[in-house]
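Enquirer: Task: produce atomic coordinates for the following.
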Amino acid sequence: MRKISFLLFIIASLIAGCSLQKTTAPSEFPLEKGTTWVYSYTAYEPTAADPTQTIQATYQLTESVVDAQTVSSYFIAHVKRESQLLHADAGWTGDPSAQPNEFWYVVNGYKVSQSNQPLDTNNIKIDELILDYKFPLSVKNAWCLFPSGLKNPSQAANCDVVGKREVMDKGSYKTSASNFDDCYNLVDYVNDGNIYQTFCNGIGIVEMKFDHAGTKFGFEQTLMHYSAGVP
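Expert: As a prediction, this is how the structure comes out:
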């Protein structure tokens, strides 16, 4: 009887230990509740009178993790985005609110996906989400961003060029917020102009830039302030 009781105790301890394990955000990308990134966001567009000339506007863009939870084997961070116009040239008609004002990061092991629509936490279809990052980042690693291109996620060669994200190189980066050492430059291959970003481990996106390949419009987004959340 003592052996059986001891065996049951061991089994119960193992079950309790497993229940205490918690899926968390990757160390490379802090997504705890309260984490906040404040960016300077400058956009430009052609003037109505002369499409060869441009005007621009500068915004303060704030992204904040307003909620974080563990659902099954997933860690989910709900991010809200707010923008404030700081300056605009005469005739400016652009609006960064065209971007989603909220989205969700879903962490599944070493992968971070994104949903721009509210998630059904009872039925998370991870393969239908945008695949933002595969950690650890490594130079020349590449993957398909969108589900339609995920022919074989483990083989970059099977990914269509359009819609592919690739890690180009590694280095340091300096903004008014701080100096960052462990950073990677990534490129998204898109038909109408590639999107470039710098991602720094332990912080997130510190810079993003896009210039349209045809019409004169685009944007540049630079980190001005970062504050960590509470695990």
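Enquirer: Provide a list of residues in contact with the most centrally placed residue in the chain.
Expert: Geometric centre of the chain, nearest residue: residue 132, 5.8 Å, by Cα atoms, centre = their mean. By Cβ atoms under 8 Å, 6 or more residues apart in numbering, residue 132 lies in contact with 105, 112, 113, 114, 145, 165. To be clear about C-beta, it is placed using only N, CA and C from the backbone, and glycine gets the same treatment.
Enquirer: would you turn those residues into CSV with secondary structure, distance to residue 216 and pLDDT?
Expert: Formatted as CSV, those follow (DSSP: H, G, I helix; E, B strand; the rest coil; distance: Cβ to Cβ, whole Å; pLDDT from 0 to 100):
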residue, secondary structure, distance to residue 216, pLDDT
105, strand, 32, 98
112, strand, 33, 98
113, strand, 33, 97
114, strand, 28, 97
145, coil, 25, 90
165, strand, 25, 95
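Enquirer: Dump those residues into a markdown table; add neighbour count and distance to residue 191 as well.
Expert: Formatted as a markdown table, these follow (neighbours: other Cβ atoms under 10 Å; distance: Cβ to Cβ, whole Å):
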| residue | neighbour count | distance to residue 191 |
| --- | --- | --- |
| 105 | 23 | 26 |
| 112 | 23 | 24 |
| 113 | 21 | 22 |
| 114 | 17 | 20 |
| 145 | 22 | 13 |
| 165 | 23 | 15 |
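Enquirer: Pop out the phi and psi values for the nearest residue to residue 105 once chain neighbours are set aside.
Expert: Closest residue to residue 105 apart from its sequence neighbours, by Cβ to Cβ, 6 or more residues apart in numbering: residue 77 at 4.4 Å. Torsion angles at residue 77 (phi, psi; degrees, to the nearest 10) stand at phi -120, psi 120.
Enquirer: The residue nearest to the centre of the chain looks like it's in a helix, true?
Expert: No: per DSSP: H, G, I helix; E, B strand; the rest coil, residue 132 lies outside any helix segment and is strand.
Enquirer: gap between it and residue 79?
Expert: 12 Å (Cβ to Cβ, to the nearest Å).
Enquirer: Quick check: neighbours shared by the two?
Expert: Contact criterion Cβ under 8 Å, 6+ apart; residues shared by residue 132 and residue 79: residue 105.
Enquirer: want to throw the contacts of residue 132 into a markdown table with distance to residue 61?
Expert: Supplementary listing: the contacts of residue 132 in a markdown table, determined by distance: Cβ to Cβ, whole Å:
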| residue | distance to residue 61 |
| --- | --- |
| 105 | 17 |
| 112 | 20 |
| 113 | 22 |
| 114 | 17 |
| 145 | 21 |
| 165 | 21 |
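Enquirer: now, among these, which is nearest to residue 209?
Expert: Within those, the smallest distance to residue 209 is 14.5 Å, found for residue 165 (Cβ to Cβ).
Enquirer: so that closest one touches residue 142, yeah?
Expert: Yes: using Cβ atoms under 8 Å, residue 165 is in contact with residue 142, at 6.6 Å.
Enquirer: Tell me the buried residues in the longest strand anywhere in the chain?
Expert: Secondary structure of the chain read by DSSP state E shows that its longest strand is strand 54-71. The neighbour-count check on strand 54-71 (16 or more other Cβ atoms under 10 Å) flags 55, 56, 57, 58, 59, 61, 62, 63, 64, 65, 68 as buried.
Enquirer: OK, contacts around residue 62?
Expert: So residue 62 contacts 36, 37, 38, 39, 81, 82, 83, 84 (Cβ under 8 Å, 6+ apart).
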